[in-house]
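>>> Structure for this input, please:
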Amino acid sequence: MRNLFLLFAMIFICEFAFSQNPSKYKAEREKTHNLVHTKLKVDFNFKDQTMNGEEWVTAKPHFYPSDKFTLDAKSMLIHEVSLNNKKLNYNYDDHELIIELPKKYNRNEEFIIYIKYTAQPEKIKNKETKSFSADKGLYFVNPTGFDKNKPTQVWTQGATEANSCWLPTIDAPNQKTSQEIYITVPDKFVTLSNGLLEKQTKNSDGTRTDYWNFKQKHAPYLFFMGVGEYEIIKDTYKNIPIEYYVEKQYAPYAKDIFGNTPEMLAFFSKITGIEYPWSKYSQIVGRDFVTGAMENTTAVIHSEAAYQTPGQLIDENVQETVIAHEAFHHWFGDLVTAESWSNIAVNESFGNYSEYLWLEHKYGKDIADAHLFENIKAYKNGQNQDKNLVRFYYDSKDDVFDAVSYNKGGAILHMLRKYLGDEAFYAGIHKYLKDNQYKTGEVHQLRLAFEEISGKDLNWFFNQWFYGKGHPDLDISYDYNKLRKTVTVNVYQTQDTEFQFPLAIDIFEKNGTVNRHHVFANRRETSFTFPYVTQPKLVQINADGVLLCTLNENKVLSDYIFQLKNAKNYEHKREALLEVAKQQQYDNKAFNAIADALNAPFYKIRKLALEHINLINKNAKKRVIERIKEMANNDPKTLVQAAAVETLGKLTDPLLKPIFEKALNSKSFAVMGKALVAMYYIDKPLAVKKSKELPLEVKNIIATPLTRIYLEENDESELIFIAGNVVTGMYLSQDKATQSLYKKAYDKIAESNNTEAIQNLVNDIVVKGKQYQQYGFNNVGISLMRSMVQTQKNKDNKNEVKNIAIIKDAMARLLQ
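Numbers count the residues shown, from 1 in each chain. Got it, this is the predicted structure:
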């Protein structure tokens, strides 16, 4: 699962997270019975948002004979429970269905229980708090068609244990079952589920029944149903069908968004040594989906973030790493599943690291390293230092789906790969997958697989990284002995728990020689001495960027200038550029170093240089400005072009108008958005005119620069448009300037007379509040709307009564 903490919770939860409260040991679910097969027949009542279901569940005792059979079944109406057409007695408490079997069955005897029921996802309540639950399992989107701007859809989301909201099952990750589903829907809809669509039957009442058959075994949380009006774009990998379910307007771009999927499956098959093990691979986009994406076996669902147009894709396919992440889960997560949520690292750490592996394979090491850096940065910025990767103590199952299980876990696998070497690493994951396929796994099994392949003892590595918390915080100092021509690097660990780790150290000498030394630190304070021929210009610690750590070094400007020019790793170049940029206003060498970085081979360094170069006293910097003009017109990366336009825009120079005019016609929405803002400060009427001419779908994509313009123009007529983007800007952006801009927009709308803008804003708050309820955003939404009510009262607006009524109605809808 690509949890929204990579898309949402890393921004939001880091602000509102509660500290870890290890109240009770969380064991693997005890197996009293094993699921064998699940057969379902379902249809939907869209008006009531319920589902009628019939189920035939085949099971058998795990070991001990038993005459009771317990299934998870949340807030359902149970109409009948029978075996061999004979009704059975049962007890049901809205959470567990305890069935009395007619005799004691032993572990070799299978039985088939029939259950007729109604699923009521809108009535799901938390077992402990008795309040309505955010985890509904089954979600209806615009079920009555009231919202003309949103399609009617149905989709499911099973992780962690929510599929028992729509089918009685043993809802635990250590169960495996095959499945059949008959889905009856209005004929205008298409359906998607796990496995192959083997039959479609048109019914006399205008409905159609689709029969989906999944013959292999997987965990119940991976069951999936999707329903809606979609175009299905066909693709293939070898003889395996690949499908992309998208709304009609995105059909022309489906292969531009998802088209690398066949290559991903080929790449992951190659590195794991296990050919893609399933019968098909489909991907669907669900409106209002509650997380980033979900790896339902053969039927992946993505959030609306996947939808992109050519004007966005020319800049970057922002969904590509998510697509890779979910694809790799079909090995780590679906083929071999974490036996418990405590061991989710064997799913999600590999899902996260697959993003690095794919980027490295497809685009090269620089892009992969930059992605790894951003992941580690998000981990370090959160409240994560006191959390083990394998966590047997947590309050809620959702707690383990965080930046430790994902980001830190991916970084740990990167360290393990570099320690073992590629051949041993890939052989180890092959063994783990092969030994446990169609079963479950835990981190100990992963360790044993790597140990058997490599011959190395890895207890030390797994104990500190998988079963421990935190990471090394290192104070670094140097001692030079000019007589002996040696440099001693002193490494001191300041964190509470002592780590041991391999470390790469580069020695850059004055004669241009670079020597890399690989050492191993196994004490809190360790020193390493290296010879040199000529006085070192720089000593680079963690030179390959592999070790997950924090470094504290005493470097001066000349060190950082040298590092910016000569370091090989993205993280070190980025660090140096930011440090040098701090002194460029007062030091010409620093400015020239930033200017030189405009020519860096890697586009992210060029872009970073543009974002931090100081062009004050522009007349003395004409040469650099000419270079930036060239970048705005011709850089091979449109994101760099956009950054160059933004940098030039800060000069407010009318002579630059031709560059901005050209940029306004760019195919890149990033370039166009920056050009509108740049043009606004030299020709306001033209910029405003251009912004008003844009189609709404384009305006929504470049909402942030337009919001900036409209707020500065004090354009009340555009508040209606701005309102639809406020919540996303305030809470989903990682950029503080963007957050501040939309907070300003929120304040302006909250105090305005513009009833339609207020309606748009509170509607979006309600949608986001329900969509992200599991992250506590419903409470944030209520707080935002209460504040709006108070602001309206204080402003004494002419539409005050109507506006407050609209806000209070939205609050009631969010509280439902």
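>>> in the stretch 551-700 of the chain, which ranges drop under the pLDDT threshold?
Applying pLDDT under 70 to the stretch 551-700 of the chain flags no residue at all.
>>> Which parts of it are helices?
Assigned helices in the stretch 551-700 of the chain, in chain order: 557-566, 570-581, 588-597, 603-612, 622-634, 638-649, 657-664, 669-680, 684-693, 696-701 (criterion: DSSP state H, counting those that start in this stretch).
>>> What are the buried residues along the helix or strand hosting V322?
For V322, the host element (DSSP states H and E) is helix 320-328. Residues of helix 320-328 classed as buried: E320, T321, V322, I323, A324, H325, E326, A327, F328 (neighbour count, 16 or more other Cβ atoms under 10 Å). Yep, even glycine has a C-beta here, placed from its N, CA and C like the rest.
>>> How about stretch 108-117?
By neighbour count with 16+ other Cβ under 10 Å, stretch 108-117 contains the buried residues F111, I113, Y114, I115, Y117.
>>> ok, the third one touching E55?
Pointing back at Y114 there. Yes - with contact defined as Cβ atoms under 8 Å, Y114 reaches E55; the gap is 7.1 Å.
>>> hmm, back to that, packing partners of the helix holding V322?
Contact here means 3 or more Cβ pairs under 8 Å, 6 or more residues apart in numbering; DSSP states H and E; on that basis helix 320-328 packs against helix 261-272, strand 281-285, strand 293-294, strand 299-302, helix 345-363.
>>> Using JSON lines, lay out these together with distance to V443.
Written out in JSON lines, the entries for the helices and strands packed on helix 320-328 read as follows (distance: least, Cβ to Cβ, whole Å):
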{"stretch": "helix 261-272", "distance to V443": "18"}
{"stretch": "strand 281-285", "distance to V443": "27"}
{"stretch": "strand 293-294", "distance to V443": "23"}
{"stretch": "strand 299-302", "distance to V443": "25"}
{"stretch": "helix 345-363", "distance to V443": "6"}
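>>> Including mean pLDDT, mean neighbour count and distance to D683, could the ones you listed go into TSV?
Below are the helices and strands packed on helix 320-328 laid out as TSV (pLDDT from 0 to 100; neighbours: other Cβ atoms under 10 Å; distance: least, Cβ to Cβ, whole Å):
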stretch	mean pLDDT	mean neighbour count	distance to D683
helix 261-272	98	18	44
strand 281-285	99	26	39
strand 293-294	98	27	42
strand 299-302	98	27	40
helix 345-363	98	23	38
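>>> hmm, back to that, looking at the helices of the stretch 551-700 of the chain, which is nearest to K434?
Nearest to K434 among those is helix 570-581 (34.5 Å), distances taken as Cβ to Cβ.
>>> for that closest one, the distance to its chain's centre please.
If you compare the mean C-alpha spot of helix 570-581 with that of the full chain, they lie 26 Å apart, counting by Cα atoms, centre = their mean, to the nearest Å.
>>> Quick check: buried residues in it?
With burial defined by 16+ other Cβ under 10 Å, the residues of helix 570-581 counted as buried are Y570, E571, H572, K573, R574, E575, A576, L577, E579, V580, A581.
>>> From K621, how far off is N588?
According to Cβ to Cβ, to the nearest Å, N588 and K621 sit 11 Å apart.
>>> Would you list the phi and psi of Q584?
Main-chain torsions, Q584, degrees, to the nearest 10: phi -70, psi -30.
>>> Can you verify my assumption that it contacts I594?
Yes - here Q584 lies in contact with I594, judged by Cβ under 8 Å, at a distance of 5.5 Å.
>>> which residues do the two both contact?
Counting by Cβ atoms under 8 Å, 6 or more residues apart in numbering, the residues touching both Q584 and I594 are I613, N614.
>>> which non-adjacent residue is nearest G545?
Leaving out its chain neighbours, the residue that sits closest to G545 by Cβ to Cβ, 6 or more residues apart in numbering is N569, at 4.0 Å.
>>> OK, contacts around that neighbour?
D369, A543, D544, G545.
>>> farthest pair in these?
Comparing every pair within the contacts of N569 by Cβ to Cβ identifies D369 and A543 as the most remote, at 12.3 Å.
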